[in-house]
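quick one: sequence plus predicted model below, questions after.
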Amino acid sequence: MSFVAIIIGSVLVNNFVFMRFLGICPFLGVSRQLSTATGMGMAVVFVMTLASAITWVFHHLLLVPFGLEYLQTVVFILVIASLVQFVEMVIQKISPPLYQALGIYLPIITTNCAILGVALINVRQHYAFLESVVNGLAAGIGFTLAIVLFAGVRERLEFADVPPAMKGVPIALVSAGLMSVAFFGFQNLFRALLP
Amino acid sequence: MRGLWADFKNGLVAENPVLRLVLGMCPALAVSTALMNGFWMGVAVIFVLTGSNLLISLIRGFIPSRVRIPCFIVVIATFVTAVDLTMNAFLPEMHHILGIFVPLIVVNCIILARAEAFASRRPVLNAVADGLGMGLGFTLALMVVSAVREILGTGNLVINGVALFGKGLPFDPAKVMVLPPGAFITLGLAVAALNYLTRKPSARRLGSREEVRA
């Protein structure tokens, strides 16, 4: 499978938020403002790419050779949790400005199901190492695209006159549904390219 | 030991994890394409939530507070693995349909939230009651959303392989309802409906939900 197909697939066609429903909690929680949404997106791209690489290594060099695939969930979540902690410490040491930008988003990323999701998808699709990394990067970009676009919509929604019962989460979900319709268009657009 | 019933009831409507606290949205959106999917996802979550609440409440005195989150995650992941393997063995078709959302229960915010906010500071029985209530609330919300989506999207409702409406209801099914857009819209309207139905007793609840989410 070519890298282009993986990238288009994960960014647009199978967008993590709108098509696969991964990472909905941060998508709803951190999309009130464009600036925080961008920060969260960047942090997710960063961690997702690293997590794809490192879980691939753990899965293929540790779990598979010893026949321990059934420990996948436990190992992956621990690896991701430690990775996030580690990344946080490293960034804090080597790049304080980057830490200021991403720091507050890193702790909540551990329970972002998109990170574990991309690791599991990589394994289930039998991606090779580079394909996994590219898929992680593309999935992160797809998440960022979704959350940044949605933050733009949501900043407007704050001033919209909606019925009291629809305020907040309900109207956000319905708007996300409409955006999901838009993303659905990509499904056919790239059908020729994808398997 | 008091208030078991209150702890149990709390998760059903007042603090329904999906419709009120807006936690665990990923599976609620992803697997709610058919009633049975929602039901089995709910059963898996009830098991994991009750089990992890029970175990975490039992060992809460031994966990140093600095490493409590990793400990909770290991406990939760263990129960999730048990559910994953059991489903794979006895319900292979359902396991295939639910796909990665079974292992992803481990990062379901409801579970960790209840472990942190409830199980790690309450007696065992209360923690179990809370787990059962929250799990049941999750299941109910999922079943309502998936029943609506299945009826509108396919014109029928299938329970255990038996179609309830025979050849289907007399309208053209809107296929969009079983596709991703339908998930967002149905869940959004479900949250709004619960807000609307429960708004009278107190406007305070709307406020408290906003705080939880923020």
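Done, it's in.

CA only for contacts and neighbour counts going forward, please
Noted.

so where's chain A shaky on pLDDT?
A:1, A:103, A:191-195 (pLDDT under 70).

that one against chain B: which residues are in contact?
Within chain A, the residues that sit near chain B (CA under 8 Å from any CA of the partner chain) are A:18-25, A:29, A:70-71, A:73-74, A:77-78, A:81, A:111-113, A:116-117, A:120-121, A:165-181.

are any of those residues buried, and which?
For these, a burial check counting by 16 or more other CA atoms under 10 Å in any protein chain shown picks out A:18-25, A:73-74, A:77-78, A:81, A:111-113, A:116-117, A:120-121, A:165-181.

mind listing what's buried along the longest helix along chain A?
Ranked by number of residues, the top helix in chain A under DSSP state H is helix A:129-157. Residues of helix A:129-157 classed as buried: A:129, A:131-154, A:157 (neighbour count, 16+ other CA under 10 Å).

show me what that helix is packed against.
Judged by 3 or more CA pairs under 8 Å, 6 or more residues apart in numbering or on different chains; DSSP states H and E, helix A:129-157 is in contact with helix A:3-8, helix A:34-58, helix A:113-124, helix A:169-189.

just these: most buried one?
Among the helices and strands packed on helix A:129-157, helix A:113-124 has the highest mean neighbour count (mean count of other CA atoms under 10 Å in any protein chain shown), at a mean of 24.

ok, residue B:191 to chain A distance?
6 Å (CA to the nearest CA, to the nearest Å).

that residue sits in which helix or strand?
Assigned by DSSP states H and E, residue B:191 falls within helix B:180-197.

contact partners of that helix?
Contacting residues not belonging to helix B:180-197 are listed as A:18-20, A:165-167, A:169-181, B:19-20, B:29-30, B:32-33, B:145, B:148-149, B:176-177, B:206 [CA atoms under 8 Å, 6 or more residues apart in numbering or on different chains].

that helix vs helix A:169-189, what angle?
Here helix B:180-197 runs at an angle of 170 degrees relative to helix A:169-189 (axes from the mean of the first three to the mean of the last three CA atoms, to 10 degrees).

for helix B:180-197, list every residue counted as buried.
Buried residues in helix B:180-197, counting neighbours by 16+ other CA under 10 Å, are found at B:180-195.

quick one: distance of that helix to the chain centre.
What separates the centre of helix B:180-197 from the centre of its chain is 15 Å, taken as CA atoms, centre = their mean, to the nearest Å.

same question for that helix, mean pLDDT?
In this model, helix B:180-197 has an average pLDDT of 91.

give me the pLDDT for the residue nearest the centre of chain B.
Among the residues of chain B, the one closest to the centroid is residue B:138, at 2.8 Å (CA atoms, centre = their mean). The score at residue B:138 is 93. That number is its pLDDT.

correct me if wrong: it contacts residue B:16.
Yes: using CA atoms under 8 Å, residue B:138 is in contact with residue B:16, at 6.7 Å.

so how far does stretch B:172-180 reach from one end to the other?
19 Å (CA to CA, to the nearest Å).

so what's residue B:63 closest to, chain neighbours aside?
Leaving out its chain neighbours, the residue that sits closest to residue B:63 by CA to CA, 6 or more residues apart in numbering or on different chains is residue B:71, at 7.5 Å.

how many residues are close by the one you found?
17 (other CA atoms under 10 Å in any protein chain shown).

how about it, secondary structure?
helix (DSSP: H, G, I helix; E, B strand; the rest coil).

and residue B:172, how close does it get to chain A?
In terms of CA to the nearest CA, residue B:172 sits 19 Å off from chain A.

quick one, phi/psi of that residue?
Residue B:172 adopts backbone torsions of phi -80, psi 120, taken as degrees, to the nearest 10.

burial count for it?
Neighbour number of residue B:172 under other CA under 10 Å is 11.

which residues touch it?
residue B:155.

so how far is residue B:69 from it?
49 Å.

and for residue A:83?
Taking CA to CA, one finds residue A:83 at 14 Å from residue B:69.

which secondary structure element contains residue A:107?
Counting by DSSP H and E, residue A:107 is part of helix A:106-109.
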